[in-house]
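A.B. asks: Here is my input; please provide its structure:
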Amino acid sequence: DTLIPSWIWNGQLADVSDVVEPLQDTLRASALQSVQHYDNVAQQRSIYAVPISQQAVYIHYWRDMLTEAGLDEADIPTEWDAFWDFWKMAQDNLRAQGKSDLYAMGLSMSPNASDTFKTLYQMLEAYDVDLLDDEGKLQVDTPQMRQKIAIALEWYTSFYMDGYVPEVATTWSDSGNNGAFLNREVLMTINPTLSIPGSQREDDPDAYSEKIATIAFPNEPDGDAPTYFVRTNKAVIFKDSVNQDLAKEFLAFLMQSENLAPYLEGAQGRYFPILNDMANDPFWNDPADPHIFVGNQDYMQSNTRAIYHDVNGTYSQVNLNNVWGQAINSIVSDGTSPQDAADQVVDQIVQIFNDREP
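C.D. replies: Purely as a prediction, here's the structure:
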């Protein structure tokens with residue numbers, strides 16, 4: 001997904017406007033926006049990918065472990081600071097019981113994981129860090145924005161520095177937090193798909209239905225309801241491929257609701273539909289499902305915004321370089337100050353845009 005904007009920029013993908021445009025009135029706006037990028041070879045902006053599904057960022061926790069900590073999930077706060085302090089208190093309570101190897105949160109601090117920046121973007125949003133404006137133009141290089149970034153970085157890394165995140169989180173791959181959570185080494189984690197509970201749906205139905213819970217993000221520090229970043233998963237056709245017409249015919253077939261629905265449902269509901277009518281299907285709206293239902297409510301009823309590389313393809317290079325993961329790791333591993341890390345991030349992002357913007 002992160003590579004697609006670079007492929008478009010380099011003129012490697014076929015124009016698929018004829019597949020997507022007939023569907024544009026039924027697509028979620030953020031999904032349509034995500035496939036419109038600039039081809040630097042053709043010197044034009046067009047549609048070079050077909051949106052298939054979307055995903056947000058989700059919080060999961062172990063109900064039974066929370067009970068062991070002497071806390072009630074009904075008491076989980078919705079206020080920002082109180083919410084995160086709640087999980088710290090849970091670790092403190094469990095450690096007092098002798099569970100010395102258990103941590104409150106599975107937050108990635110690794111430069112090797114895309115989960116690091118995907119999680120951090122949600123936190124940057126909470127702290128009013130807007131890296132791109134509505135037109136996709138970069139707006140980070142101001143003293144005010146640098147300070148906001150430093151505050152968010154200090155807040156995020158404080159959980160590691162204070163001992164509420166496993167030390168090994170600095171070396172995690174994208175599966176690191178999944179494994180730590182499913183091995184019950186952390187009480188709570190954040191993940192950019194519903195893959196964690198989805199992995200237990202058939203293997204351990206009791207864990208899926210009773211022990212693991214999915215919960216909405218708390219209100220932001222200013223009291224506003226959370227705005228969720230959504231990422232669009234896409235299909236592409238390479239410009240040099242032989243059977244482009246057949247590929248387009250297949251994608252047009254796949255994008256029909258009756259064909260796309262079984263695919264998304266078969267993926268354990270970890271991704272959500274980009275066709276507006278599909279989101280009302282019973283599969284996504286069953287209150288008995290503790291994960292898909294909550295995720296769909298957040299997805300459909302909350303404020304959402306497209307992830308940065310879906311707004312401006314140039315930003316994909318920031319993700320490919322994992323600039324944010326490097327900054328976080330430098331704070332927790334090398335002792336870099338949050339302000340210095342913020343300045344380094346901004347300088348790197350500005351350089352990437354200066355090198356690549358048309």
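
A.B. asks: switch to C-alpha atoms for all contacts and neighbour counts from now on
C.D. replies: Fine.

A.B. asks: Now I149: which helix or strand?
C.D. replies: helix 143-161 (DSSP states H and E).

A.B. asks: again with M188
C.D. replies: Per DSSP H and E: strand 186-191 holds M188.

A.B. asks: For the stretch 151-300 of the chain, which segments count as helices?
C.D. replies: 176-182, 195-198, 205-206, 244-254, 257-266, 292-301 (DSSP state H, counting those that start in this stretch).

A.B. asks: which strands and helices sit next to the fifth one?
C.D. replies: Here helix 257-266 is seen to pack against no other helix or strand when contacts are counted using 3 or more Cα pairs under 8 Å, 6 or more residues apart in numbering; DSSP states H and E.

A.B. asks: ok and it relative to helix 244-254, angle-wise?
C.D. replies: Helix 257-266 and helix 244-254 are oriented at 80 degrees to each other (axes from the mean of the first three to the mean of the last three Cα atoms, to 10 degrees).

A.B. asks: Report the residue ranges of every domain in this structure.
C.D. replies: Per automatic domain parsing, the structural domains of the chain span 4-54+231-311, 58-226+319-356.

A.B. asks: give the contact list for the residue lying closest to Q200 once chain neighbours are set aside.
C.D. replies: Leaving aside its sequence neighbours, Q200 sits nearest to Y208 (Cα to Cα, 6 or more residues apart in numbering; 5.4 Å). Counting by Cα atoms under 8 Å, 6 or more residues apart in numbering, Y208 touches 197-198, 200-201, 290.

A.B. asks: Comparing the domains of the chain by mean pLDDT, which bottoms out?
C.D. replies: Mean pLDDT per stretch puts domain 4-54+231-311 lowest among the domains of the chain, at a mean of 91.

A.B. asks: Walking through the stretch 1-150 of the chain, point out its helices one by one.
C.D. replies: 4-9, 17-20, 29-34, 63-68, 80-96, 114-126, 143-161.

A.B. asks: between those, which gets nearest to A261?
C.D. replies: Smallest distance to A261 across the helices of the stretch 1-150 of the chain (Cα to Cα): 16.4 Å, for helix 29-34.

A.B. asks: Okay, buried residues for that closest one please.
C.D. replies: For helix 29-34, the neighbour count (16 or more other Cα atoms under 10 Å) marks 30-34 as buried.

A.B. asks: Out of the residues you listed, flag the one nearest to D81.
C.D. replies: Nearest to D81 among the buried residues of helix 29-34, with distances taken as Cα to Cα, is S30, at 29.6 Å.

A.B. asks: Quick check: the closest residue to the closest one other than its chain neighbours vs D64, distance?
C.D. replies: Among residues not flanking S30 along the chain, A306 sits closest, at 5.6 Å (Cα to Cα, 6+ apart). Per Cα to Cα, to the nearest Å, A306 is found 35 Å from D64.

A.B. asks: do A90 as well
C.D. replies: 12 Å.
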